[in-house]
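*Asks:* Just need the structure, nothing else, for what follows:
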Amino acid sequence: MSSTSPTKRTSAPTKISPATAGETAQPEPSTTEEGQGHDQIVRLDPDLIVRDDFNARTSDTGPNDDLKASVAELGVQDAISVRPRPDGTYGAFKGWRRAQAQQTVNASAMAEGRPVRKIPAIVRADLVGNDAMTHLLSLIENHHREPMHDRDRLKAIETLALLDMNEEERKQMARALKIKRAELRAAREAARLDDSQLRRATVQGFDLMQMAELAEVSDVSGAVKALEEAHTKDAAEDGGGHGHWDHAMARLRQTKADAEARQSALSELEKAGVPLLPNYFPYGTKDTSRPLTDLRTPLGAPLTEDKHRYCSGHAARLDEESNPVWHCSDPAKYGHKLRPGAKQAKQSMSEQEKEERARTIAGNKAWKAARTVREESVKRLCTAKALPEAVRLFALRTVMSPPWMYAKWCEKDETETVARFLGVPDPNADDEVRYSREAGPFDELVTRHGKVKGWHQVFAQVAAAFEYSMCEPKSWQGLDRHQAAYLLCLKEAGHRLSDVEELALAKYLPQADAEPRTGAESPDLDLAA
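*Replies:* Next up is the predicted model:
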């Protein structure tokens, strides 16, 4: 049976007698609330109805057997919605499947000499030229009907985001669809998902923002699985939030950035004809290569990349950031001297050393990814209406008894991080000479917001100092008690700590075991997520 139309009549509906060939009654048009007096319910010849260009449904558009059987027996009971076209036809933006069913049934009836029927339609003359509203109404209609293909809904929302409309219309559409305006904008990125990814994301209940973020990292191995797990963990927590999702996205973005940086570096080396040295050799095998920083020319001058590039042993390795470290593959063979004090070449690492190095690299990458999520948490605190009392007290204690890293950071005269946390322009962004003005860089902000958000500004300064003190990738291996207190303060304020942050805090927290846990016993860092 056809679906029920949401249209309400303000006048009594006209009764329609059973249709016979050439005898279908033409009722008087009746005004409806939907178009506020601009639309009419009439009975149209189905042959005059075509699909509107802004009908949201593009998949599964044909009527199924059940619908055709219903229409053949009873006709179309619920009015479709159309708008007039310049050529005299009507574009169906709601109910196109029902119109097609009536067209098919009428064709069979005419061939067999049976009566044909017209179709009840709401004529929306007020929508002529208003493609955005037409598309929105079609989307709502199809979204509430079963089934509408996920791809159609996504494409329809994407189309709405691209159509020219004012901000009030965009707000209205977002409210009608029960999505955020940011999700409306995110639909374009979400549409990049393939059908399999889109299906899994829909089943998991990802919103459009999450779908857009998935599309951003969809080419990273295991991305869908990692985000599904993060979404499930967030949903299972009492406090809600999206901390697990944020950390998973940070790791995936880091993995993607690392892969792109490495590929770019490899391409540059290949273009220059520089061979890439392996990072590991079989155990017991000597690596004859040496970095150029360990070598000198025959006259004792430093051996630079420019001087060495024409040596037959010119080669490179990539460091953790995919930057080339220039080497000579065999200095003794090509006549280079070791600089005084250069360490002896080391035999290949043992399996234990390889595991420890891999763990360090993984921890460094995890710490770098976690920082992006942590700084977003700080920004949310600094721009919130009220600052949690625990955060205010932490900022106060830091200012009254400043640890070494806070005092060191204050000497930097840096403003960009504080401005970013507060969500304001950097007052020194365009200054050729920092602090060239007589007044302090944030004087105007303090005067304007000091009474209402004074402590937000103080905490932004404190957080900037702590973040600077922990910016090195290896910081997770040796947090001091002040840095640990900062992370615990953020945790109390709602920040979801990542695995590497929890690991860095372990020595400052009570342990369930009687014996202290060694580094080898610490949990592995899952970076593949």
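
*Asks:* Over to the most centrally placed residue in the chain. Which of the three states is it?
*Replies:* In the chain, the residue lying closest to the centroid (Cα atoms, centre = their mean) is Glu213, at 2.2 Å. Put simply, Glu213 is helix when judged by DSSP: H, G, I helix; E, B strand; the rest coil.

*Asks:* Angles on the backbone of Pro84, please.
*Replies:* Backbone torsions of Pro84, given as degrees, to the nearest 10, read phi -60, psi 150.

*Asks:* Could you measure from the closest residue in space to the residue nearest to the centre of the chain that isn't next to it in sequence over to Asp45?
*Replies:* Nearest residue to Glu213, sequence neighbours excluded (Cβ to Cβ, 6 or more residues apart in numbering): Met249, at 5.5 Å. Using the backbone N, CA and C atoms, a C-beta is placed for each residue, glycine as well. Relative to Asp45, Met249 is positioned 54 Å away (criterion: Cβ to Cβ, to the nearest Å).

*Asks:* any idea how far Lys256 is from the residue nearest to the centre of the chain?
*Replies:* 12 Å.

*Asks:* Tell me which of Met249 and Asp45 has more neighbours.
*Replies:* Neighbours per residue (other Cβ atoms under 10 Å) separate Met249 from Asp45, with Met249 holding more: 24 against 16.

*Asks:* could you say which helix or strand contains that one?
*Replies:* helix 243-272 (DSSP states H and E).

*Asks:* downstream neighbour of that helix in the secondary structure list?
*Replies:* With DSSP H and E, the next secondary element past helix 243-272 is strand 290-291.

*Asks:* so for the helix or strand following that next one, what's the average pLDDT?
*Replies:* Along the chain past strand 290-291, the next helix or strand (assigned with DSSP H and E) turns out to be strand 295-296. Averaged across strand 295-296, pLDDT comes to 92.

*Asks:* Touching strand 295-296 from outside, list them.
*Replies:* 302-303, 308, 328, 331, 336-339, 342 (Cβ atoms under 8 Å, 6 or more residues apart in numbering).

*Asks:* And those, which is closest to Asp52?
*Replies:* Closest approach between these and Asp52, by Cβ to Cβ: His308, at 68.7 Å.

*Asks:* Quick one, grab the pLDDT at that closest one.
*Replies:* On the pLDDT scale, His308 gets 94.

*Asks:* Surely it and Leu292 touch.
*Replies:* Yes: using Cβ atoms under 8 Å, His308 is in contact with Leu292, at 5.7 Å.

*Asks:* Show me whatever sits in contact with both of the two.
*Replies:* With Cβ under 8 Å, 6+ apart, His308 and Leu292 have common neighbours 326, 328.

*Asks:* which helix is the longest one in the protein?
*Replies:* Of all segments of type helix in the chain, defined using DSSP state H, the longest is helix 351-383.

*Asks:* List the buried residues of that helix.
*Replies:* Judged by neighbour count using 16 or more other Cβ atoms under 10 Å, the buried positions of helix 351-383 are 360, 362-371, 373-375, 377-379, 381-382.

*Asks:* the inter-axis angle of it versus helix 243-272?
*Replies:* Inter-element angle recorded for helix 351-383 and helix 243-272: 120 degrees (by axes from the mean of the first three to the mean of the last three Cα atoms, to 10 degrees).

*Asks:* List the buried residues in the helix or strand just after helix 351-383.
*Replies:* Using DSSP H and E, the helix or strand that directly follows helix 351-383 along the chain is helix 389-400. Residues of helix 389-400 classed as buried by neighbour count (16+ other Cβ under 10 Å): 391-392, 394-395, 398.

*Asks:* how about stretch 130-138 as PDB, C-alpha atoms only?
*Replies:* Only the C-alpha atoms of stretch 130-138 are listed here, as PDB (Å, rounded to 0.1, in the frame of the first residue of the first chain):
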ATOM      1  CA  ASN A 130      12.700  27.100  -5.100                       C
ATOM      2  CA  ASP A 131      14.900  24.100  -5.700                       C
ATOM      3  CA  ALA A 132      16.400  24.000  -2.200                       C
ATOM      4  CA  MET A 133      13.000  23.600  -0.400                       C
ATOM      5  CA  THR A 134      11.800  21.100  -3.000                       C
ATOM      6  CA  HIS A 135      14.900  19.000  -2.400                       C
ATOM      7  CA  LEU A 136      14.500  19.200   1.400                       C
ATOM      8  CA  LEU A 137      10.900  18.200   1.300                       C
ATOM      9  CA  SER A 138      11.800  15.300  -1.000                       C
END
